[in-house]
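# structure for this input, please:
(chains A and B)
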Amino acid sequence: MSGNPGDPLLAVYDLCLERGGRELFRNLAFAVLPGQLLQVDGPNGAGKTSLLRILAGLSRYGFTGRVERSAPPLYLGHQPAVKALLTPRENLAWHVAGESAYDSRQIEDALAKVGLYGYEDVPSHALSAGQHRRVNLARLYLTARPLWLLDEPFTAIDRGGVADLEALLVAHVERGGAVVMTSHQLLQLDYRVQMLSLTEGLLA
Amino acid sequence: MSAAAQSPGAARFCLVLLRRQLTLAVRRPIEIGNPLLFFAMVVALFPLGLGPAPDQLAGFAPGILWIIALLSNLLTSDTVFRSDFEDGSLEQLLLAPQPLFLSVLAYIGAHWLLTGLLLALVSPLFALMLNLPTPALGTLVASLLLGTAVLSLVGGIGAALTVGLKRGGVLITLLILPFYMPVLIFGSAAVRNAALGIPATPYLAIIGAMLCLAVALAPLAIAAGLRISVDA
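You can find the predicted model right below:
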């Protein structure tokens, strides 16, 4: 997927961030290798979202340190980036992330996998908040990018959806991808989830 | 994960964005109708305010038409990136592998098609309401076609800089109105000259030059403005 197997998909050196006069983290350094599933840990306001935005390349100023990416990551933020006036199919086919041109079959498959079979051509304003999140999560089934940065992916997702998503994350890292995610839930996975503490770095 | 899943090229992505923006607008027709309605209302008010003397109206018509076109553009320029900012689409656009310069041009292009182009096309109707001499109609349409494109591009800079603010309406006006002035001056002068039977092509050429400059530089400023707005 990336250059050499074993090369880090993402490497972070000496990352320091201050917001509003408060130091959120300091000298944070870690690397994300293929096959790693990383959960960023910390209370509200600890800087988890800020860290993910820095890793994605959305925040360019206001921090010191260096982030190296071997390939563009897939970033899913708090907002679902789903247009209420477009149908789920159009939302994915014309997605502004410009990742790839998917055919309608691929999109139908992805929507079916997130439990939106039959909703492909319903205007999205008729869908619930959780279904909007699911349209966004369907991108995970479509993407070919190895590194996923997920900010609270379980928000507004029902229990069955959470289990499906957990299975998808495991399948992705087992294929040689990597995931960095924030969540307040403890993951129930048959896979080693590494915790990343914003104060102490990677925990064993 | 096949290697076949390549990102679409920049040109193709621009067409996708254009189609997306136009579809969004068509599904909310009131947004397309608003600037036209504004144009019609204000044009209808001028004869009431200035007095219905046809000769007097004809003299003021170039300026009136151009000022209204400018204001209706100003009214809509705030909305170019707003909904995308609010639902998180803008973040995803900034992360897209395609050059932001061209993506931004697609957004502005869609905005121009829905405001400037439509305004220019219906403007002869309103010009006749103000008794503008018929030989000037062609120049009016041409100057509006070129001029509103400049306005959309410049307005996009203001929209990109203020999209992160809750109430950017007044600020965007202050920011971009000075840059609208040259377009207004040369646009209305072109129509006035045409109405008097003097060649208007030099003025149109100057607006065309402004458009070239705006196409080359405004997307850079818009892209930088969007990055700052999303970063903050």
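# so residue B:62, which of the three states?
With DSSP: H, G, I helix; E, B strand; the rest coil as the basis, residue B:62 sits in helix.
# ok now do it, which residues does it touch?
Going by C-beta atoms under 8 Å, 6 or more residues apart in numbering or on different chains, residue B:62 touches B:132, B:136, B:140, B:188, B:189, B:191, B:192, B:195. Glycine gets a C-beta too; all of them are placed from N, C-alpha and C.
# if we go to 10 Å?
By C-beta atoms under 10 Å, 6 or more residues apart in numbering or on different chains, residue B:62 lies in contact with B:127, B:130, B:132, B:136, B:139-140, B:143, B:187-196.
# can you check the pLDDT for residue B:164?
Among the per-residue scores, residue B:164 holds a pLDDT of 89.
# find the residue at the geometric middle of the chain.
Since no chain was named, I'll use chain A. For chain A, the residue nearest the mean C-alpha position is residue A:150 (2.0 Å; C-alpha atoms, centre = their mean).
# um, chain B though
Chain B, centroid-nearest residue using C-alpha atoms, centre = their mean: residue B:152 at 3.0 Å.
# now do the buried residues in whichever strand or helix holds that one.
Element membership for residue B:152, per DSSP states H and E: helix B:137-162. For helix B:137-162, the neighbour count (16 or more other C-beta atoms under 10 Å in any protein chain shown) marks B:137, B:139-162 as buried.
# re the thing from before, quickly run through the sheet partners of the helix or strand containing the residue nearest to the centre of chain A, with directions.
For residue A:150, the element it lies in under DSSP H and E is strand A:147-151. The strands that strand A:147-151 pairs with in its sheet are strand A:74-76 (parallel), strand A:178-182 (parallel) (by DSSP bridges).
# mean neighbour count and mean pLDDT added to the ones you listed, as JSON lines?
Formatted as JSON lines, these follow (neighbours: other C-beta atoms under 10 Å in any protein chain shown; pLDDT from 0 to 100):
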{"stretch": "strand A:74-76", "mean neighbour count": "24", "mean pLDDT": "94"}
{"stretch": "strand A:178-182", "mean neighbour count": "24", "mean pLDDT": "93"}
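# show me what counts as buried in the longest helix that chain B contains.
Of all segments of type helix in chain B, defined using DSSP state H, the longest is helix B:201-231. By neighbour count on 16+ other C-beta under 10 Å, the buried set for helix B:201-231 is B:203-204, B:206-208, B:210-211, B:214, B:218-219, B:221-223, B:225-227, B:229-230.
# same check on stretch A:32-41?
Those would be A:32, A:34, A:35, A:36, A:37, A:38, A:39, A:40, A:41, for stretch A:32-41 by 16+ other C-beta under 10 Å.
# let's have those residues in CSV, adding pLDDT.
Formatted as CSV, the buried residues of stretch A:32-41 follow (pLDDT from 0 to 100):
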residue, pLDDT
A:32, 92
A:34, 93
A:35, 92
A:36, 91
A:37, 92
A:38, 92
A:39, 92
A:40, 91
A:41, 85
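# any idea how far the residue of chain B found nearest chain A is from residue A:97?
Chain A sits closest to residue B:88 of chain B, with a gap of 2.6 Å, by C-beta to the nearest C-beta. Residue B:88 sits 11 Å away from residue A:97, going by C-beta to C-beta, to the nearest Å.
# overlap in contacts, the two.
A:76, A:81.
# pretty sure residue A:128 sits against residue A:157.
No - judged on C-beta atoms under 10 Å, residue A:128 makes no contact with residue A:157 at a distance of 11.1 Å.
# among those two, which residue is more densely surrounded?
More crowded of residue A:128 and residue A:157, by other C-beta atoms under 10 Å in any protein chain shown: residue A:157, with 20 against 9.
# can you name the residues that contact residue 90?
You didn't pick a chain, so chain A it is. A:83, A:107, A:120, A:121, A:123, A:124, B:19, B:20, B:23, B:24.
# try chain B instead
Per C-beta under 10 Å, 6+ apart, neighbours of residue B:90: A:58, A:79, A:81, A:96, B:81-84, B:107, B:160, B:163-164, B:226, B:229-230.
# go again with 6 Å.
Taking C-beta atoms under 6 Å, 6 or more residues apart in numbering or on different chains, we find residue B:90 in contact with B:84, B:230.
# measure it to residue B:21 for me?
Going from residue B:90 to residue B:21 by C-beta to C-beta gives 13 Å.
# and the helix holding residue B:152, how far out from the chain middle?
Counting by C-alpha atoms, centre = their mean, to the nearest Å, helix B:137-162 is centred 4 Å from the centre of its parent chain.
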